[in-house]
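Asker: When you get a sec, could you give me coordinates for this:
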Amino acid sequence: MSGFSPWFQLVYGTIAIITFGVIALLTRARARRIAGALASVAVFTAISAPIDTLGLRAGWWSYPSCTNPPHPPLGIYIAQALYFVGNLALIGWRIDRRFGARGLAALVATVCSVGLVRDLMWATILPTMVRFGAAPAAELADAGAWATVVAVALGVTRVVAGPAKADPPRP
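Answerer: Model prediction:
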């Protein structure tokens with residue numbers, strides 16, 4: 001049994017969809033770019049449970065409230081992917097368009113740093129939901145997981161929607 005109730009999954013997923021829609025509007029993404037971001041969400045959702053299984057087996061992190069399976073349910077993975085991968089794909093596209101490779105390098109460093117701090121904070125606040133293993137291996141693995149988030153968000157979106165500078169300017 002998981003600590004993520006169906007009600008929580010529904011609310012969390014709804015807020016993730018709304019947030020993605022707002023980011024799509026704010027970035028003025030067109031259909032092709034949104035499709036690329038959603039494709040990156042699908043890819044990351046597919047690899048999330050295996051990443052968490054690797055984290056569990058290596059002793060890097062675990063979800064104590066999740067027993068069978070030992071990771072969050074699919075609804076949580078989809079919502080997380082929308083929040084982090086989908087939104088990052090759209091924001092990263094705008095950063096790439098405006099600042100190029102230097103902007104993307106800053107984005108990667110920011111996401112990996114802030115993501116690690118976020119995860120450690122939640123592990124401190126809710127130790128029954130997520131628990132980290134021994135430092136520094138767990139922290140390095142978590143930063144690597146965040147680097148995977150960025151790689152999937154930007155890479156899959158680029159494959160599906162093309163390079164950022166290929167999009168025509170939008171009023």
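Asker: Flag every buried residue along whichever helix in the chain runs longest.
Answerer: Ranked by residue count and defined by DSSP state H, the top helix of the chain is helix 87-125. Residues 87-97, 103-104, 107-108, 111-112, 115-116, 119-120, 123 are the ones in helix 87-125 that count as buried (16 or more other CB atoms under 10 Å). For glycine as for every other residue, the C-beta is placed from the backbone atoms N, C-alpha and C.
Asker: Over to stretch 66-77?
Answerer: 66, 71-73, 75-77.
Asker: Next: stretch 56-65.
Answerer: Under the neighbour-count criterion of 16+ other CB under 10 Å, stretch 56-65 has 56, 60-63, 65 buried.
Asker: What ranges in the chain fall below the confidence cut-off?
Answerer: The chain contains residues with pLDDT under 70 at 1-3, 169-171.
Asker: one more time with 90, if that's ok
Answerer: 1-5, 65-71, 128-129, 165-171 (pLDDT under 90).
Asker: For it, just list every one of the strands.
Answerer: In the chain, the segments counted as strands under DSSP state E are 61-62, 131-132.
Asker: Export the ones you listed as JSON lines, with columns for distance to A42.
Answerer: As requested, the strands of the chain are exported to JSON lines (distance: least, CB to CB, whole Å):
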{"stretch": "strand 61-62", "distance to A42": "23"}
{"stretch": "strand 131-132", "distance to A42": "28"}
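Asker: Show me the one of these that comes nearest R32.
Answerer: Closest to R32 of the strands of the chain is strand 61-62 (CB to CB; 35.6 Å).
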